[in-house]
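Novice: Generate a structure from the sequence data that follows.
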Amino acid sequence: MIQKKRGWQWAVPAVFLLMIAGCILDSPGPDIISTEKQEDRAYSADEVRRITLDHPWPLSSEYFFHREYPGEEAAEKEEKAKAELEDRVARLEENFKGEASARSTQEKRAASQAATAPVPAVPVKIGFYLDVPDHGGKMAASLINAADKAAASADALRVVNHYTVRDILAPTDCITSGDYECMARNLALYPGVRMLVVAESLEIPKSLPGEACLRMKVLDAGLASAYPTMEMTRRLEDNVKVSIFLSDAVNRAFAYAKNKAEIMPPHCRVFSVKNQRAYISAGERSDLAPGDELRIVSGGEAVKSPTGLLVGWLPGEETGVLKVEALVGKDVAACRLTSGNMPEKGGYAIFSTPSGQETED
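Specialist: You can find the predicted model right below:
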């Protein structure tokens, strides 16, 4: 009895569930396509489907409902606009590269023209003086001869020899007082010596073989300053070696002086102003010619390293331009003023481009 009763207890619910399932299966499905809105509804069945089923991720349904989905035509327009923008950007980049390249080319051309512009090839004028015993005249003559040969073998070097220096300085007391800086200052004004080399002592053994020694002082005439004494020694075996030693020593001193001369730009000095003409300490020896121009500057400023070594010279303000009218001698030229103010005695005249030479446009 108990088992039969339990069977009926399970059978009744099962029959009930089967009846409900049959009703459900026989009833029509939910409306998810109707676009008509009921009076008490904010959305139609179709809109509900679009909101809940087409976009199931958890975002605002209002966003998806009001969102516009472009068709194929709108997508094509968007792609076209994007392509046009990329093309425009590419053209702008090409134009920029072209302009940058043109600027670079112009800058390179300007730099090249500046680098290749004719620069006045003015020879360096060096004064040479012997402040040594005569040694019977033989050694002194050999040393002067070595200096003349050194000048003759160098294209950009002109030497004012011992005898000329002595004659120019005779009216002064520079030689008698042994004041080398006084000598340099006067020689810079005329005949326009750029550097001064003084042989301070010369020792040649009377009998060979023996040890020879030559000491020379190099002075910057334009800046009235002196460099340390150069001492050159060599063991000489015979008289033939003497002339070789003197020649090597002088060439070494001249090369040193020429290198130091580059501290200042090629220039000369105005040593006289008379009858509206300025006379400068440069002429045939400086390769000047009528028509050449020189710029007058109001002095300049020496530039020194932290240790006091001269490393440069900054010209002052340009005050006028002189033009060579005539060469009066090896170291003199008469000039007329073409612009600016007439210079005073001692003024600096900086060489410009020689006549007959033109810079490229």
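
Novice: Show me the helices in the stretch 51-200 of the chain, by range?
Specialist: Along the stretch 51-200 of the chain, counting by DSSP state H, counting those that start in this stretch, helices occupy 61-66, 72-116, 138-152, 162-169, 174-177, 180-189.

Novice: who touches the last one?
Specialist: This means helix 180-189. Residues from elsewhere that reach helix 180-189, judged by CB atoms under 8 Å, 6 or more residues apart in numbering: 127, 129, 160, 165, 168-169, 172-175, 193-194, 196, 198, 217, 219-222, 224-226, 269, 271, 281, 346. Bear in mind the C-beta positions are built from the backbone N, C-alpha and C, glycine included.

Novice: let's see it at 7 Å
Specialist: 127, 129, 165, 168-169, 172, 174-175, 193, 196, 198, 217, 219, 221-222, 224, 226, 269, 271, 281, 346 (CB atoms under 7 Å, 6 or more residues apart in numbering).

Novice: The fifth one too?
Specialist: Residues from elsewhere that reach helix 174-177 (CB under 7 Å, 6+ apart): Arg166, Leu169, Cys182, Met183, Asn186.

Novice: Can you point out the buried residues in it?
Specialist: Neighbour counts using 16 or more other CB atoms under 10 Å place Cys174, Ile175 of helix 174-177 among the buried residues.

Novice: What mean pLDDT does that helix get?
Specialist: Helix 174-177 comes out with an average pLDDT of 92.

Novice: Check the fourth one too.
Specialist: With pLDDT averaged residue by residue, helix 162-169 scores 95.

Novice: Can you give the distance from that helix to the centre of its chain?
Specialist: Taking CA atoms, centre = their mean, to the nearest Å, the mean C-alpha location of helix 162-169 is offset from the chain mean by 42 Å.

Novice: Quick one: list the elements packing against it.
Specialist: Applying 3 or more CB pairs under 7 Å, 6 or more residues apart in numbering; DSSP states H and E, we find helix 162-169 packed against strand 124-130, helix 180-189.

Novice: Point out the most buried one among those.
Specialist: strand 124-130 (a mean of 26; mean count of other CB atoms under 10 Å).

Novice: about what we covered before: identify whichever of the helices and strands packed on helix 162-169 lies nearest to Ala156.
Specialist: Nearest to Ala156, of all these, is strand 124-130, at 6.1 Å by CB to CB.

Novice: With only the CA atoms kept, save that closest one in PDB.
Specialist: The C-alpha trace of strand 124-130 is given here as PDB (Å, rounded to 0.1, in the frame of the first residue of the first chain):
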ATOM      1  CA  VAL A 124     104.700  88.500 -45.100                       C
ATOM      2  CA  LYS A 125     107.400  91.200 -44.700                       C
ATOM      3  CA  ILE A 126     110.100  90.200 -42.200                       C
ATOM      4  CA  GLY A 127     112.800  92.400 -40.800                       C
ATOM      5  CA  PHE A 128     116.200  90.700 -40.100                       C
ATOM      6  CA  TYR A 129     118.800  92.200 -37.800                       C
ATOM      7  CA  LEU A 130     122.100  91.000 -36.400                       C
END
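
Novice: And the contacts of it?
Specialist: So strand 124-130 is contacted by 140, 143-144, 147, 156-162, 165, 183, 187, 192-199, 254, 257-258, 261, 285-286 (CB under 7 Å, 6+ apart).

Novice: Generate a PyMOL selection restricted to the buried entries among these.
Specialist: Typed into PyMOL, the next command selects the buried ones out of those (criterion: 16+ other CB under 10 Å):
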select buried, resi 140+143+144+147+157+158+159+160+161+162+165+183+187+192+193+194+195+196+197+198+199+254+257+258+261+285+286
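
Novice: In strands, which of the contacts of strand 124-130 appear?
Specialist: Judged by DSSP state E, strands contain the following of the contacts of strand 124-130: Leu157, Arg158, Val159, Val160, Met195, Leu196, Val197, Val198, Ala199.

Novice: Spatially nearest residue to Thr172 (excluding sequence neighbours)?
Specialist: Asn186 (5.9 Å; CB to CB, 6 or more residues apart in numbering).

Novice: ok, that neighbour to Asp148 distance?
Specialist: Remark: distance between Asn186 and Asp148 (CB to CB, to the nearest Å) = 22 Å.

Novice: circling back: pipe the helices and strands packed on helix 162-169 into CSV and attach mean pLDDT per row.
Specialist: Shown next, in CSV, are the helices and strands packed on helix 162-169 (pLDDT from 0 to 100):
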stretch, mean pLDDT
strand 124-130, 95
helix 180-189, 95
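
Novice: which stretches of the stretch 151-300 of the chain have low pLDDT?
Specialist: By pLDDT under 70, the stretch 151-300 of the chain has no low-scoring segment.
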